[in-house]
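**Student:** Fold the stuff below for me.
(2 chains)
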There are 2 protein chains.
Amino acid sequence: MTAEPAAIQPAADDLRAQMHVIGAAARGAAVELALASAKTKAKALRAAAEAIRRASAEILAANAKDMEAARTKGLNKAMLDRLALNPGRIDAMGSGLEAIADFPDPVGRTLAEWDRPNGLKIARVAVPLGVIGVIYESRPNVTADAGGLCLKAGNAAILRGGSESFLSSSAIHTALQTGLRAASLPEAAIQRVPTADRDAVGILLGMNDLVDIIVPRGGRGLIERVQDESRIPVIAHLDGMCHTYIHAGADARKAREIVLNAKMRRTGICGSTETLLIDRAAAPGMLPPILKDLIEAGCEIRGDESVCKMAPQAVAATPADWDTEYLDAILAVKVVEGLDDALDHIARHGSQHTEAIVTEDAAAADAFLKRVDAAIVMHNTSTQFADGGEFGMGAEIGISTGRLHARGPIGAEQLTSYKYIVRGTGQVRP
Amino acid sequence: MTAEPAAIQPAADDLRAQMHVIGAAARGAAVELALASAKTKAKALRAAAEAIRRASAEILAANAKDMEAARTKGLNKAMLDRLALNPGRIDAMGSGLEAIADFPDPVGRTLAEWDRPNGLKIARVAVPLGVIGVIYESRPNVTADAGGLCLKAGNAAILRGGSESFLSSSAIHTALQTGLRAASLPEAAIQRVPTADRDAVGILLGMNDLVDIIVPRGGRGLIERVQDESRIPVIAHLDGMCHTYIHAGADARKAREIVLNAKMRRTGICGSTETLLIDRAAAPGMLPPILKDLIEAGCEIRGDESVCKMAPQAVAATPADWDTEYLDAILAVKVVEGLDDALDHIARHGSQHTEAIVTEDAAAADAFLKRVDAAIVMHNTSTQFADGGEFGMGAEIGISTGRLHARGPIGAEQLTSYKYIVRGTGQVRP
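**Tutor:** Residues are numbered from 1 along each chain as shown, chains lettered A, B, ... in the order given. Next comes the predicted model:
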């Protein structure tokens, strides 16, 4: 499973057979994991954290090789940054696994219970989803995060990282296996696709008898491919086309701090604000200092006509700007005529990820929170808080913009299903 | 929308255009419905119930025409029975809608709420799913049940009933529209595909921009087609391959009553028991009276070798019997060597729908309830209780054997999603 990639160049049929062996082993491990105690799973997670820290040198060495190959291939700076590991990032992986270990066990929770007039006692109890396939791009730390979250929720994981991070992910995966062994859990609980061959993804997406759910993490291209090809249900987010709306009743200081943070804290994450909307009544007073802060921080402004009049540094926005997830130091800015206009703009251009209003007007805030259709709606705070860790979930495997199963940050709790337990004393149905 | 089917024979492009008009209208209605108050929705449901009762004569006349056409086509007895309406069934549709009206509103429920150390207040609040496409076969009452449940949960519904029930469903649909008008809700909240053309299903399954979820109700052929073709997430159950397991520690009287009910109360429903498992230790004492009851009630027994030795009326089971959902007065019966053997048989042959154990041994019951992977697991009661109404959900649109989103009976609560509401006082992310 952890052989060097260069050694493996199987023919298509061999790869298919190999993937099915992995799937069958995962299915078997899932049965064991579903019954594993909270203590056992936590032990495995802590042992994995320790193993990652202990293997720091090996992981960094593997990452150095991946980085070298990536530079040769000409990967861009953002991709190289996502691929790069350092002692801090390795330690963060360990801490992440420990945080997941400390979290309450999501399996076995009683989600609801009630009695029927005929004496039947019904309980809805959380159970694992089963086997989860995680397909990700170049960030090697997803190996630890995704493997850890799946394990916590009693699921077997099949991880398929990007070919660029193959060696780094292998080294991290080896440490996860050490954790599983320490807790006497099956090593097949967290498996990696042992080849960088891209055909493996297509095979995985067709294994609907052995895999219960697919979680893609990556760019739009990857996620669209997965949604198109998969016969297996997918939990995915496509775009984080997030808006911050400054209502006429906003506090100017809060608005200024929130917008700067929402755009510029980290521009490459899905919860960063891509379009700023501001009420016409508030614009003359509040917008100039906001734009000043942004421009000083290195942000490009693409404004509508009103904005361009107010700020000579602004570039005129084109229609495409209202639909562009820049993931960069660029902000589209538009003056709106009030709450309804803002809601309409968000309904037409938002991606149902995260939307925020800044206002001291409680009625306007309530209307916004109620009427905006998005996984996360916010009042007087930064869209950059759209994150499982910030929500107190310990960690996340992604943020879902779909409406089914789980919406918003996907933590361990969201990687469970449930079953009904019905206890009777001989009741028969009339 | 309620024109006579004979008048509508659109070319494929016309049909596609027509379906997209329906989809767009549903999307618009969904926005309104999401904000409709509990009172307004309940008013519409009660008015619809009244309209159905008032239109009883028209509905029966339409149904008589459907029945005549179905007899001419040579539909079998079971299908004719599902298609047939009578005053009692019409009244039951009305009562069903009233029960849904009386139920607590599932939208706006706070599912969880917590505060973060930085003062952010996070709430997870139920919201509608959006637009639901319901594809069903010949039972016309699904029109009322599905339309009512979708409305209750704030969803717009696009209903596509079987061509055999076209006129009956049209008449019921007209009454639902009366209910919507009485509450000033948009008529597009519950639409019907206004043609019996089968191509409409294929078009509906591809409308992933306008439809959020597909619920197929019908036989295996329909559900497999939907799962194969749909680009939209599907909530479906495939098979109800349910087992009742009589453990050595069972109470003989309970076992006898439960098995007779689980198999014979209604043989055509998905929660009926298809295979009986019994511990070898219990079989000599308990099985003969159980088989006697079943045979007297007209049930055919297909037994393994041990069973055939005990009951001369039993037919020898073939391997296919352990995987057959008879939906008929036939029961496969197998002697097992104990709990592990029973669990193993269920894991290999069950369909993750409903599984029951009969025993007075609490430890054996707990092990069974914990280890069986199914939407519903039961102790000392009849698998025929697998039903949203019997669970106290008011009504159900089906029983899901999938693991994502909702599992088991799908009532109004299960037709919702959620969003996170985050309230801050100016917090920015460090």
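**Student:** Local confidence estimate at the closest residue in space to residue A:350 that isn't next to it in sequence?
**Tutor:** Using Cβ to Cβ, 6 or more residues apart in numbering or on different chains and skipping residues adjacent in sequence, the residue nearest residue A:350 is residue A:241, 5.7 Å away. Where you see a C-beta, it was placed from the backbone N, CA and C, and this is true even at glycine. Per-residue pLDDT puts residue A:241 at 96.
**Student:** OK, contacts around residue A:241?
**Tutor:** The neighbourhood of residue A:241, defined by Cβ atoms under 8 Å, 6 or more residues apart in numbering or on different chains, consists of A:274, A:275, A:323, A:324, A:325, A:349, A:350, A:351, A:353.
**Student:** The longest helix anywhere in chain A: which residues count as buried?
**Tutor:** Using DSSP state H to define each element, chain A has its longest helix at helix A:12-35. Buried residues in helix A:12-35, counting neighbours by 16 or more other Cβ atoms under 10 Å in any protein chain shown, are found at A:15-16, A:18-19, A:22-23, A:25-27, A:29-30, A:33-34.
**Student:** which parts of the stretch 101-250 of chain A sit against chain B?
**Tutor:** Where proximity means Cβ under 8 Å from any Cβ of the partner chain, the interface of the stretch 101-250 of chain A facing chain B comprises A:114, A:116, A:120, A:122, A:127, A:129, A:130, A:212, A:213, A:233.
**Student:** Closest residue of the stretch 51-200 of chain A to chain B?
**Tutor:** Using Cβ to the nearest Cβ, residue A:129 is the residue of the stretch 51-200 of chain A that sits closest to chain B, at 5.4 Å.
**Student:** Residue A:46: which of the buried residues of helix A:12-35 is nearest?
**Tutor:** Within the buried residues of helix A:12-35, proximity to residue A:46 (Cβ to Cβ) peaks at residue A:33, which comes in at 16.6 Å.
**Student:** Model confidence for that closest one, exactly?
**Tutor:** Looking at residue A:33, the pLDDT reads 97.
**Student:** wait, doesn't residue A:206 sit right on residue A:200?
**Tutor:** No: applying Cβ atoms under 8 Å as the test, residue A:206 and residue A:200 come out as separate, 11.1 Å apart.
**Student:** More neighbours: which of those two?
**Tutor:** The residue with more neighbours, out of residue A:206 and residue A:200, is residue A:200; 21 against 16, by other Cβ atoms under 10 Å in any protein chain shown.
**Student:** phi, psi of residue A:184?
**Tutor:** phi 60, psi 30 (degrees, to the nearest 10).
**Student:** My guess is it contacts residue A:40. True?
**Tutor:** Yes: between residue A:184 and residue A:40 there is a contact at 7.4 Å, judged by Cβ under 8 Å.
**Student:** Just want to know which of those two has more residues nearby.
**Tutor:** Taking neighbours as other Cβ under 10 Å, residue A:184 and residue A:40 compare with residue A:40 leading, 14 against 11.
**Student:** measure that one to residue A:191 for me?
**Tutor:** Distance of residue A:40 to residue A:191, computed by Cβ to Cβ, to the nearest Å: 19 Å.
**Student:** How about residue A:169?
**Tutor:** Here residue A:169 is placed at a distance of 12 Å from residue A:191 (Cβ to Cβ).
**Student:** where do the contact lists of the two overlap?
**Tutor:** residue A:159.
**Student:** Of those two, which one has the most company?
**Tutor:** Shown here are residue A:169 and residue A:191; by other Cβ under 10 Å, residue A:169 has more neighbours (30 against 25).
**Student:** how about the nearest residue to residue A:44, chain neighbours excluded?
**Tutor:** Excluding the flanking residues, the one nearest residue A:44 by Cβ to Cβ, 6+ apart is residue A:183, at 3.6 Å.
**Student:** so where is the stretch 201-350 of chain A shaky, pLDDT-wise?
**Tutor:** The stretch 201-350 of chain A contains no residues with pLDDT under 70.
**Student:** Residue A:116 against residue B:390, yeah?
**Tutor:** Yes: between residue A:116 and residue B:390 there is a contact at 7.3 Å, judged by Cβ under 8 Å.
**Student:** So which other helices or strands are in contact with the longest helix of chain A?
**Tutor:** The contact analysis (3 or more Cβ pairs under 8 Å, 6 or more residues apart in numbering or on different chains; DSSP states H and E) places helix A:12-35 against strand A:121-128, strand A:131-136, strand A:156-160, strand A:190-192, helix A:199-205.
**Student:** Next secondary structure after it?
**Tutor:** Going down the chain from helix A:12-35, the next helix or strand is helix A:38-54, by DSSP states H and E.
**Student:** quick one: the helices in the stretch 101-250 of chain A?
**Tutor:** With DSSP state H, counting those that start in this stretch applied, the stretch 101-250 of chain A shows helices at A:142-152, A:166-182, A:199-205, A:220-229, listed in chain order.
**Student:** Out of the ones you listed, which is the most enclosed?
**Tutor:** For those, average neighbour numbers computed from mean count of other Cβ atoms under 10 Å in any protein chain shown are highest in helix A:142-152, which has a mean of 29.
**Student:** name the helices or strands packed onto that one?
**Tutor:** For helix A:142-152, the contact count by 3+ Cβ pairs under 8 Å, 6+ apart identifies helix A:38-54, helix A:87-102, strand A:131-136, strand A:156-160, helix A:166-182, strand A:190-192, strand A:213-217 as packing neighbours.
**Student:** can you tell me which residues contact the residue lying closest to residue A:381 once chain neighbours are set aside?
**Tutor:** Using Cβ to Cβ, 6+ apart and skipping the chain neighbours, the partner closest in space to residue A:381 is residue B:424 (2.9 Å). The neighbours of residue B:424, taking Cβ under 8 Å, 6+ apart as the test, are A:378, A:379, A:380, A:381, A:382, A:385, B:119, B:120, B:121.
**Student:** hmm, 10 Å instead?
**Tutor:** With contact taken as Cβ atoms under 10 Å, 6 or more residues apart in numbering or on different chains, residue B:424 is in contact with A:254, A:258, A:356, A:358, A:378-382, A:385, B:116, B:118-122.
**Student:** Now the stretch 251-400 of chain A against chain B: closest residue?
**Tutor:** residue A:381 (2.9 Å).
**Student:** thinking again about what came up before, of all pairs in the buried residues of helix A:12-35, which one spans the longest distance?
**Tutor:** Spatial extent of the buried residues of helix A:12-35 (Cβ to Cβ) is set by the pair A:15 and A:34 at 28.5 Å.
**Student:** quick one on the thing from earlier: next up, phi/psi of the residue nearest to residue A:44, please.
**Tutor:** According to degrees, to the nearest 10, residue A:183 has phi -100, psi 10.
**Student:** Residue A:141 now?
**Tutor:** According to degrees, to the nearest 10, residue A:141 has phi -70, psi -20.
**Student:** quick one: contacts for the nearest residue to it once chain neighbours are set aside?
**Tutor:** Sequence neighbours aside, residue A:93 is the residue nearest to residue A:141 in space, at 5.2 Å (criterion: Cβ to Cβ, 6+ apart). By Cβ under 10 Å, 6+ apart, the residues touching residue A:93 are A:48-49, A:52-53, A:56, A:59, A:85, A:140-145, A:148, A:172, A:175-176.
**Student:** What distance do you get for residue A:394 to residue A:109?
**Tutor:** Distance, residue A:394 to residue A:109, by Cβ to Cβ: 15 Å.
**Student:** So if I had to pick from those two, which one is more boxed in?
**Tutor:** Neighbours were counted for residue A:394 and for residue A:109 using other Cβ under 10 Å; residue A:394 has more, 21 against 14.
**Student:** The more buried one against residue A:96, yeah?
**Tutor:** Yes: using Cβ atoms under 10 Å, residue A:394 is in contact with residue A:96, at 8.2 Å.
**Student:** Give the residues shared as contacts by the two.
**Tutor:** Common neighbours of residue A:394 and residue A:96 (Cβ under 10 Å, 6+ apart) are A:148, A:149.
**Student:** residues contacting whichever residue of the stretch 101-250 of chain A sits closest to chain B?
**Tutor:** Closest approach between the stretch 101-250 of chain A and chain B, counting by Cβ to the nearest Cβ: residue A:233, at 4.8 Å. Residue A:233 sits next to A:129, A:208, A:211-214, A:402, A:404-405, B:233-234, B:402-405 when contact means Cβ under 10 Å, 6+ apart.
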